[in-house]
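**Q** Sequence and predicted structure below; questions after.
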Amino acid sequence: MHSGVATNRDHINGTLNVNVRLHRSGTKFPGAFPRLSCPQPIGCYSLNESRQFQDYASNVSYLNLPHRTEFPLDLNAGIERVQRKGEAAHKYKDIHDFCRYICNHQQELSRPSTDQKKGPNLSYDFVTFRGILRQIMCTPYERRKDYRLMATRLNGTIYLAKVETEADRLERESMTKQQLDMCSWGFKFEQYCTTEDPKMLPDTTSPVNEAKEFDCVFHLTLNGLQLLFAAEMDGIKSNAT
């Protein structure tokens, strides 16, 4: 399929095909620029080294850039001990973890209602991730890869999650050791630039653990639509924990 959204509207295979190649990148948009508010952080959650959900900032890291005398940085240091993420317990784990956060904070995120509905009655039109919003916005300019999203509507809120395509699966399963090591370089760079305590220097001797994750939850308004989204944060800039 072309880039598009998997829904329950198509009774055959549950997919909506969108031929993005009908769009010309660079074409001037004739309408007005949409009203977009600045994203506001409202919460956070973490995934530990076993990818288990934690409803607090256990994995937050603080920006602490290396001095210029420390360059060049050795991104291969300790790479033989890297702890990689591994395969997810199920294919929708990211949205599952986000929904766990939502369930734990329904009182702050829901609109007042007397309806006895199952599930949260959120004050938001869409729940998704920063990466999915970026992917949607880049759709007219993507020429190489297809993608698939799953859309689920519950109590008026649409939840968007990414679905792995067959091409994505084949690419993931055929990655060589060199490709895996190159992916690990980014995590090692993060280790050089962040610390668990803003008053301490980064610990670059410990094995890099790619499974640990810290996510911030934001809300914004787009042309009157209320969006709630999560975004993985490599580090934050702060002088205090």
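**A** Alright, I've got the coordinates. Numbers count the residues shown, from 1 in each chain.
**Q** and residue 184, how many residues sit next to it?
**A** 19 (other CB atoms under 10 Å). The way it works is simple: take the backbone N, C-alpha and C, and place the C-beta from them, glycine included.
**Q** Show me the shaky parts of the protein.
**A** Along the chain, the parts satisfying pLDDT under 70 run over 1-27, 88-90, 113-117.
**Q** let's see 80
**A** 1-29, 86-91, 112-119, 142-143, 240-241 (pLDDT under 80).
**Q** Determine which residue of it is most distant from the centre point.
**A** Distance to the chain centre peaks in the chain at residue 69, reaching 33.6 Å (criterion: CA atoms, centre = their mean).
**Q** Would you verify that that one is located in a helix?
**A** Yes. Residue 69 sits within a helix when classified using DSSP: H, G, I helix; E, B strand; the rest coil.
**Q** Strands along the protein, start to end?
**A** Secondary structure of the chain (DSSP state E): strands at 4-6, 15-17, 40-47, 53-54, 62-63, 126-129, 148-154, 157-163, 194-195, 213-222, 225-232.
**Q** What angle do strand 40-47 and the longest one make with each other?
**A** Which is strand 213-222. With axes from the mean of the first three to the mean of the last three CA atoms, to 10 degrees applied, the angle from strand 213-222 to strand 40-47 works out at 150 degrees.
**Q** can you give me how far strand 213-222 is from the chain middle?
**A** Distance, stretch centre to chain centre, for strand 213-222: 9 Å (CA atoms, centre = their mean, to the nearest Å).
**Q** who's the residue lying closest to residue 215 once chain neighbours are set aside bridged to?
**A** Excluding its sequence neighbours, the residue lying closest to residue 215 (CB to CB, 6 or more residues apart in numbering) is residue 230, at 4.8 Å. Per DSSP bridges, the residues bridged to residue 230 are residue 129, residue 217.
**Q** didn't residue 230 look like it was pressed against residue 219?
**A** No. When contacts are counted by CB atoms under 8 Å, residue 230 is not listed as touching residue 219 (10.7 Å).
**Q** more crowded one of the two?
**A** Taking neighbours as other CB under 10 Å, residue 230 and residue 219 compare with residue 230 leading, 24 against 17.
**Q** is it true that residue 98 touches residue 218?
**A** No. Contact between residue 98 and residue 218 fails when scored by CB under 8 Å: they sit 11.9 Å apart.
**Q** So between those two, which is more surrounded?
**A** Per other CB under 10 Å, whichever of residue 98 and residue 218 has more neighbours is residue 98, with 22 against 17.
**Q** Let me see the contact set for the more buried one.
**A** Neighbouring residues of residue 98 by CB atoms under 8 Å, 6 or more residues apart in numbering: 127, 129, 215, 217, 230.
**Q** what do you get if the cut-off is 6 Å, keeping everything else the same?
**A** Residues in contact with residue 98, defined by CB atoms under 6 Å, 6 or more residues apart in numbering, are residue 230.
**Q** For residue 110, see how far away it is.
**A** Noted for residue 98: a distance of 15 Å to residue 110, by CB to CB, to the nearest Å.
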